[in-house]
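>>> I would like the atomic coordinates for the input below:
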Amino acid sequence: MEFLSVGSLLKEHSSAIIVGVYTDKITVSSITKEGGKTTLIATVAEPQEGDAFLGGVLDIERIVQNCRKALAALPHGEGNGPRDVVFALGGGVGAFLFVQEKNVREEKERKIIAEDVAALIGARTQRNDEEVMSAFAESFLIDGFTVENPVGMHGGEMFIGVARMVCGSELAKGLASVADAAGLSVKGFFDMRYAAAHYAKLFEEGKESAIVLCVFEHETSAILVRNRAVAGAGVARAGYGMLIKALEDVFLVGREEAKKIMYAFAKKELDAHVHERAYKACDAARGALTAEIAHVVARLDPTSL
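As a prediction, this is how the structure comes out:
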């Protein structure tokens, strides 16, 4: 199994089941594509009871069980539903990185070939038994000039911007068993941060650059997109779980109860007194979270932000 590129997910699969794996929940969506239009057939969500990322360690057994429950709850058609499944991984479940690889070519007059590019990308894609990993070229720089594809060109100095996605092999095995039990064929993994960075609506009205923030339970990813390609990425080890923790401390309750309070607070279902206490707790945590995110964003592109 490997991670899919944005293009391969959209072009190669006319229908599929997308299982979103997050530390706080599992989402399952059945989609189909006809005439170039993607249609959502059905979707369900299954909460991760407890903490699936306790002490920085994934509870793979909990994730597998909840994936099975969510898949079982998805409405199925009369034998004509999608049989391919893609697992979309969020923060804490998979890792997303961006690096630049540099190559100084002694034979600068020799044309660059595809193998040269593959070798540079391969420098960041050395596999081991403990992880599943893929990398995709996002940008090319030849002797200071941005090019769409360096193959066939000359040059002495080549930079390649590489987006790299990783997940643990034990998690991959667990998710494969989920698909097996449901009679589905695993087509690969998808990184939700990579998907967000290439989200088409970001580039409407001629916009080609953005900073994309993906706020998860235990971490926040900040991704710099320039000319519709990933140009930088950083991660803050802080997420909206900070708000839940603040509610735990203020109301002296466990995590599950704190989550219920947060959901009720968001829906404005609390009485005035409890709402005020929750607001103060979340406001302080939000300030701390914002500071963590701002620190990461500032390091993405300190010269032009």
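>>> all contacts plus neighbour counts: C-alpha atoms, from now on.
Fine.
>>> Need the contact partners of stretch 22-31.
For stretch 22-31, contacts defined as CA atoms under 8 Å, 6 or more residues apart in numbering pick out 15-21, 38-49, 51-53, 63, 66-67, 70-71, 74, 82, 89-93, 217.
>>> Among the residues you listed, which ones are in strands?
Counting by DSSP state E, the part of the contacts of stretch 22-31 found in strands is 15-21, 38-47, 53, 89.
>>> Tell me the buried residues within those residues.
By neighbour count, with 16 or more other CA atoms under 10 Å, the ones in strands among the contacts of stretch 22-31 hold 15-21, 43-47, 53, 89 as buried.
>>> Which of these sits closest to residue 235?
Nearest to residue 235 among those is residue 89, at 15.3 Å by CA to CA.
>>> Could I get the pLDDT score of that closest one?
Confidence at residue 89, expressed as pLDDT, is 95.
>>> what number of residues lie near residue 259?
By other CA atoms under 10 Å, 18 other residues sit near residue 259.
>>> gap between it and residue 92?
18 Å (CA to CA, to the nearest Å).
>>> do the same with residue 107
43 Å.
>>> These two: which has the busier surroundings?
residue 92 (22 against 11).
>>> Could you double-check that that one lies in contact with residue 219?
Yes. Counting by CA atoms under 8 Å, residue 92 does reach residue 219; the two are 7.0 Å apart.
>>> quick one: secondary structure of the closest residue to residue 193 other than its chain neighbours?
Among residues not flanking residue 193 along the chain, residue 214 sits closest, at 6.5 Å (CA to CA, 6 or more residues apart in numbering). Following DSSP: H, G, I helix; E, B strand; the rest coil, the label given to residue 214 is strand.
>>> Tell me how many other residues crowd residue 214.
Neighbours of residue 214 using other CA under 10 Å come to 19.
>>> Beta-bridge partners for it, please?
Residues in a beta bridge with residue 214, per DSSP bridges, are residue 221.
>>> residue furthest from the geometric center of the protein?
Distance from the centre of the chain peaks at residue 109, with 39.7 Å (CA atoms, centre = their mean).
>>> List the residues that contact that one.
Shown in contact with residue 109 (CA under 8 Å, 6+ apart): 154, 155, 156.
>>> so where's the protein uncertain?
For the chain, the stretches flagged by pLDDT under 70 are 9-14, 36, 77-81, 123-128, 302-305.
>>> can you pull out the helices in it?
For the chain, the helices defined by DSSP state H occupy 6-12, 60-73, 114-122, 169-181, 192-197, 241-251, 255-266, 272-300.
>>> Any figure for the gap between the closest residue to residue 299 other than its chain neighbours and residue 278?
Nearest residue to residue 299, sequence neighbours excluded (CA to CA, 6+ apart): residue 234, at 8.0 Å. Distance of residue 234 to residue 278, given as CA to CA: 30 Å.
>>> And for residue 230?
37 Å.
>>> Report how many residues lie close to the residue nearest to residue 250 when sequence neighbours are not counted.
The shortest distance from residue 250 to any non-neighbouring residue, by CA to CA, 6+ apart, is to residue 281 (6.8 Å). As a burial measure, residue 281 scores 21 neighbours (other CA under 10 Å).
>>> How about the one 4 residues further on?
Other residues near residue 285 number 21, with proximity taken as other CA under 10 Å.
>>> That one contacts residue 239, doesn't it?
No. Taking contacts as CA under 8 Å, residue 285 lies outside contact range of residue 239: 9.9 Å.
>>> picking that back up, out of the helices of the chain, which comes closest to residue 160?
When those are compared by CA to CA, helix 114-122 sits nearest residue 160, at 7.5 Å.
>>> Report all helices and strands that that closest one contacts.
strand 95-104, strand 131-142, strand 157-168 (3 or more CA pairs under 8 Å, 6 or more residues apart in numbering; DSSP states H and E).
>>> mind listing what's buried in the shortest one?
By that I understand strand 95-104. 95, 96, 97, 98, 99, 100, 101.
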